[in-house]
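Chemist: quick one, fold the following:
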Amino acid sequence: MTTAAKARVVRAALVLLALWPVVQHALVRRTEVSPWKLAGWGMYAAPQDNVGVVVLVEDPRTSETVVLPREALPQEFWNAASEFSDKRWAAGRWVRPDDLGRRVLELVPPAPSVTIVVGRLYVDRETATVRLDRTPYEYRRD
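Modeler: Numbering: from 1, shown residues only. Have a look, this model is predicted:
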């Protein structure tokens, strides 16, 4: 490789290195990918363990949506929910709780619908405070 070719490779690498934080920041903002992933520098300004799951079910008698107590589901479900939380923390909205919703519908037969609420802590740039963002995913019995 000639000296000129080596210089072009080095310049291209430096340009990519300089632009990557902007690309990674856009991914974090748009898809909630963890700022701790993809070689970003925003990790120092974001909470690390920040995803949780709440299960809501529709009561077939009253049609009200109620929080399902933790004891109502087996530990295997909560182990799967913990795995989901880890994946969601890393990959953001690319990971959906569809499997969890199906499992709850199987485990709670009378419920006509289930809502999995995914909570995520984030730093609000305007107020410089930690906030909770909730994203509901509804699953209906077919």
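
Chemist: what's the longest helix in the chain?
Modeler: Taking DSSP state H as the criterion, the chain has its longest helix at helix 3-31.

Chemist: same question for the helix or strand just after that one: list its buried residues.
Modeler: Sequence order places strand 51-58 as the next helix or strand after helix 3-31, per DSSP states H and E. By neighbour count on 16 or more other Cβ atoms under 10 Å, the buried set for strand 51-58 is Val51, Gly52, Val53, Val55, Leu56, Val57, Glu58. Placement of C-beta: from N, CA and C, glycine included.

Chemist: how about the fourth one: what's its closest non-neighbour residue?
Modeler: Right, the one you point to is Val55. Leu68 (4.4 Å; Cβ to Cβ, 6 or more residues apart in numbering).

Chemist: got phi/psi on the one you found?
Modeler: Per-residue torsions, Leu68: phi -80, psi 120 (degrees, to the nearest 10).

Chemist: that one: neighbour count?
Modeler: Using other Cβ atoms under 10 Å, Leu68 has 18 other residues around it.

Chemist: thinking again about what came up before, tabulate the buried residues of strand 51-58 (TSV), appending distance to Leu73.
Modeler: What follows is the buried residues of strand 51-58, written out as TSV (distance: Cβ to Cβ, whole Å):
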residue	distance to Leu73
Val51	18
Gly52	15
Val53	11
Val55	7
Leu56	12
Val57	10
Glu58	16
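
Chemist: what two of those residues have the greatest distance between them?
Modeler: Val51 and Glu58 (23.9 Å; Cβ to Cβ).

Chemist: so where's the protein uncertain?
Modeler: 45, 47-49 (pLDDT under 70).

Chemist: Ile116 should be in a helix, yeah?
Modeler: No: applying DSSP: H, G, I helix; E, B strand; the rest coil, one finds Ile116 to be strand, outside a helix.

Chemist: gap between it and Val57?
Modeler: 10 Å (Cβ to Cβ, to the nearest Å).
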